[in-house]
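K.L.:
Got a predicted structure here, sequence first:
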Amino acid sequence: IIGIAGKYPQAQNITEYWENLCVGKDCITEIPMERWDYHDYFSDDKTKIGKTYSKWGCFLDDFDSFDPMFFHIPPAEAKFLDPQERLFIQSVWEALEDAGYTRKALKKEKVGVFVGSMYSLYQLYQMQVPDGILVGSSSYASIANRISYLFDFNGPSITLDTMCSSSLTAIYLACENIRSGATTMAVAGGVNLSIHPQKYIQLCQSGFLSTDGKCKSFGIGGDGYVPGEGVGAVLLKTLDRAVEDKDHIYGVIKGIEINAGGKVSGYTVPNQNAQKNLILDTLSQANIDPRTISYVEAHGT
């Protein structure tokens, strides 16, 4: 990992994000009015159709701020781009800048783009104009393709949705493409926004969200998770080339694997045996003694 950038709730960059983690800052708030008025959809009664029993989340500041001319995008076109697409453009630019690479410097490389995203809801907002209705664009493909177009990258350009594992799966594909020689470098990351009440209604309909705005993973009384927004990108290349090119190396991905749970007792129920096997396979690939691992990040649900 030779370049990194991100924007998270109450953190405009990864430095502020790290500071929030260090002090244990709780960034969960009520849904802000610039998203929607949650009072119009909120109900304590979990059985009410079309309502949400959750009013909590983690939200980005200035999520809709974008300078289209900086990226040579006509303003008239930019306003129809999904805010997730706009955010990822900025994050990739910052990751490349952080790594010390320009578009010109990357011309000799075959750079792939792999992005994880879900909830393409921007098109639900319609703009009334004199001659009819204009609809915003929410294309998953366009998030990655826009990066390839703007930066003139010629490697694979893929946006994927594997639900909660989307960003990690994007990094997995980036690593595999570099290993196989299909690309020499890769941009990978993810973006997620909560911009329409349908997301909350859908999640509450299935009982996924926490009622009190708290995640209690591995604890007593957990009844769901709290949606959080964010965008992040990393720039990847092989370790030997990073050393040769004297890049700043943030970290080394020693092993990465993916699998699926297959048939279990319910569609949304995790398969603990599949997860155990995945961890064992990854440790084996990385040739790491599990006793040396000091930090584990786990899925909140």
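P.N.:
Looks like it arrived, so ask away.
K.L.:
Just the CA atoms of stretch 28-40, as PDB, please.
P.N.:
Listed next in PDB are the C-alpha coordinates belonging to stretch 28-40 (Å, rounded to 0.1, in the frame of the first residue of the first chain):
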ATOM      1  CA  ILE A  28     -23.000   8.700  15.700                       C
ATOM      2  CA  THR A  29     -25.700  11.400  15.300                       C
ATOM      3  CA  GLU A  30     -29.400  11.700  14.400                       C
ATOM      4  CA  ILE A  31     -30.000  11.900  10.600                       C
ATOM      5  CA  PRO A  32     -29.200  15.500   9.600                       C
ATOM      6  CA  MET A  33     -31.800  17.600   7.800                       C
ATOM      7  CA  GLU A  34     -29.600  17.900   4.700                       C
ATOM      8  CA  ARG A  35     -30.200  14.200   4.000                       C
ATOM      9  CA  TRP A  36     -33.900  14.200   4.800                       C
ATOM     10  CA  ASP A  37     -36.400  15.000   7.600                       C
ATOM     11  CA  TYR A  38     -36.400  11.700   9.500                       C
ATOM     12  CA  HIS A  39     -39.500  12.700  11.400                       C
ATOM     13  CA  ASP A  40     -41.500  12.100   8.200                       C
END
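K.L.:
and it, average pLDDT?
P.N.:
On average, the pLDDT along stretch 28-40 is 96.
K.L.:
With stretch 278-294 instead?
P.N.:
Along stretch 278-294, the predicted local confidence has a mean pLDDT of 95.
K.L.:
what's near enough to touch the closest residue to Asp245 other than its chain neighbours?
P.N.:
Spatially, and ignoring its direct neighbours in sequence, Asp245 is nearest to Lys237 (7.8 Å; CB to CB, 6 or more residues apart in numbering). C-beta: built from backbone N, CA, C; applies to glycine. The neighbours of Lys237, taking CB atoms under 8 Å, 6 or more residues apart in numbering as the test, are Ile2, Ile178, Thr184, Met185, Ala186, Asp245, Asp247.
K.L.:
Among those residues, the buried ones, what's the PyMOL command?
P.N.:
Applying 16 or more other CB atoms under 10 Å to the contacts of Lys237 leaves a buried subset, and the PyMOL line that selects it is:
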select buried, resi 2+178+184+185+186+247
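K.L.:
so can I have CSV of the contacts of Lys237 showing pLDDT, secondary structure and distance to Met69?
P.N.:
Putting the contacts of Lys237 into CSV (pLDDT from 0 to 100; DSSP: H, G, I helix; E, B strand; the rest coil; distance: CB to CB, whole Å) gives the following:
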residue, pLDDT, secondary structure, distance to Met69
Ile2, 98, coil, 29
Ile178, 98, helix, 33
Thr184, 98, coil, 31
Met185, 98, strand, 27
Ala186, 98, strand, 28
Asp245, 97, coil, 32
Asp247, 98, coil, 31
